[in-house]
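>>> would you be able to build a 3D model of this:
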Amino acid sequence: MNTKKKLPNEKFRKLVKFVNEGREDKTKKIYEDKEPRKINWKAYNFSQINNIKESLIFINEEVERCFLQPRNWKAYNFSQINNIKESLIFINEEVERCFLPPRKVGKPFNVKLYTKIVLVCEMFSLTERNAQGFIEVFGCIAGICEKIDDRVIGNAYNKKEVAFVLKQIFDKRKDSDGILAGDGTGLETSRRQNYGKEKTSTKEFLTSIIDSREIIQAFDFSGKDENHAMHSLIEEVEGESLRLDAGFNDRKLVRKIAELGMLPYVYPYKSNDINGSEAWKEMYLEFFTDVIFWLQEYYQRVHCESFHSSFKRVFGIIRKIRGHSKFIQVMARIILHNRARLSYFKRVEG
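This next block holds a predicted model:
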């Protein structure tokens, strides 16, 4: 039996085309925009007034709660056991051609102190030199009570141990209302880059999933294509529903979202058919039978666009050069963004 005849694919495609025309020509819109969320100005003002004080206290408390990455003692022991043997072989082969300098043991460093330095620098958008003077005056509030050289500050961004501690803070300091949305955006690395005028310019790419309060639940900064990255990100979140634009129109992705217990709202192409997995079929049959309700749910994805705009506006360009340093910079900014949003909503609910 041919199941394609049972589904209104042709009418579905015409409906998608009609809705798309309404997106381009506002006079043809078939739904009414929701009223924007009311701002509790008292709570907002207090969250802005106390933002710096609370952020410094937050940095000190959250970093202190984290545990440090254990040392790989197995690898360390084997390197010590084989050190003499391997050195002798090396000397025997290379002594006539080069000089072997004495082995330098790395200087130990305070991982938690370095993590606090990174978070303070990103909180105030400080360069290394500015941060040295700033921390000397205000650092004790964040638990940085010693003088820090600007070279030490720059070196903090290169430490994998700092990323390890930041990941702990990110995972612990987030919650979700279950109304999720995902998207990708380019993060500029210089003032000359403008997304509207220079679409071909090279940018770092961030793919993220947020909730309706614009709290980031998961993110990818590896440089992956946003669709490919989303396949991994959805495994890191829990929610009731997930909204994605047509760039994520992928049958496997829709099925995977449903299998993880979330309702998918992925905007269709006008060339799509309703035929597919149960999740795909149910999603677009709902679009076809009650397009107004479907679009009202889908367009809560606007919070993604709002987040991207505010994130770039507040924190500015990506200043670091090395890939690992950029990752630490972005993760620190995300932690600070989430903290500020949670602070606001805590006051609203209180």
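>>> quick one: contacts for Tyr114?
By Cβ atoms under 8 Å, 6 or more residues apart in numbering, the contact set of Tyr114 is Val152, Asn155, Ala156, Lys159, Glu161, Val162. The way it works is simple: take the backbone N, C-alpha and C, and place the C-beta from them, glycine included.
>>> how near is Leu126 to Gly316?
From Leu126 over to Gly316 the distance is 11 Å, taken as Cβ to Cβ, to the nearest Å.
>>> quick revisit: as a markdown table, the contacts of Tyr114 with pLDDT and secondary structure would be great.
Below are the contacts of Tyr114 laid out as a markdown table (pLDDT from 0 to 100; DSSP: H, G, I helix; E, B strand; the rest coil):
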| residue | pLDDT | secondary structure |
| --- | --- | --- |
| Val152 | 91 | helix |
| Asn155 | 92 | helix |
| Ala156 | 91 | helix |
| Lys159 | 89 | coil |
| Glu161 | 86 | helix |
| Val162 | 87 | helix |
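>>> which of those has the most neighbours?
Most neighbours among the contacts of Tyr114, by other Cβ atoms under 10 Å: Val162, with 28 neighbours.
>>> any idea how far that one is from Tyr344?
Distance of Val162 to Tyr344, computed by Cβ to Cβ: 27 Å.
>>> quick one, strands of the chain?
Per DSSP state E, the chain carries strands over the ranges 179-187, 204-211, 216-220, 241-244, 263-266.
>>> right, and Ser310 touches Glu214 too?
Yes - taking contacts as Cβ atoms under 8 Å, Ser310 lies within contact range of Glu214: 7.4 Å.
>>> of the two, who's got more company?
Using other Cβ under 10 Å, the more surrounded residue of Ser310 and Glu214 is Glu214, with 20 against 14.
>>> contacts only, for that one.
By Cβ under 8 Å, 6+ apart, the contact set of Glu214 is His303, Ser306, Phe307, Ser310, Arg341.
>>> repeat that with 6 Å
Residues in contact with Glu214, defined by Cβ atoms under 6 Å, 6 or more residues apart in numbering, are His303, Phe307, Arg341.
>>> kindly report the domain assignment for this structure.
Dividing the chain into domains by automatic domain parsing, as the record does, gives the ranges 47-90+106-170, 175-318.
>>> model confidence over the longest one, on average?
Looking at domain 175-318 alone, the average pLDDT works out to 89.
>>> and stretch 50-66, how far out from the chain middle?
On the basis of Cα atoms, centre = their mean, to the nearest Å, stretch 50-66 sits 20 Å off its chain's mean C-alpha point.
>>> do the same with stretch 122-132
The chain centre lies 22 Å from the centre of stretch 122-132; the measure is Cα atoms, centre = their mean.
>>> buried ones in it, by neighbour count?
Judged by neighbour count (16 or more other Cβ atoms under 10 Å), stretch 122-132 contains these buried residues: Glu122, Met123, Leu126, Glu128, Ala131, Gln132.
>>> just stretch 247-257 next, same as before
So, applying 16+ other Cβ under 10 Å, buried residues of stretch 247-257: Phe248, Asn249, Asp250, Leu253, Val254, Arg255, Lys256, Ile257.
>>> and if you look at stretch 54-70?
Neighbour counts over stretch 54-70 (16+ other Cβ under 10 Å) mark Ser55, Leu56, Phe58, Ile59, Asn60, Glu62, Val63, Cys66 as buried.
>>> got the contact list for it?
Residues contacting stretch 54-70 (Cβ under 6 Å, 6+ apart): 111-112, 115-116, 119, 123, 141-143, 161, 164-165, 168-169, 339.
>>> please repeat the previous calculation with a cut-off of 7 Å.
Outside stretch 54-70, the residues within contact range by Cβ atoms under 7 Å, 6 or more residues apart in numbering are 111-112, 115-116, 119-120, 123, 141-143, 161, 164-165, 168-169, 173, 336, 339, 343.
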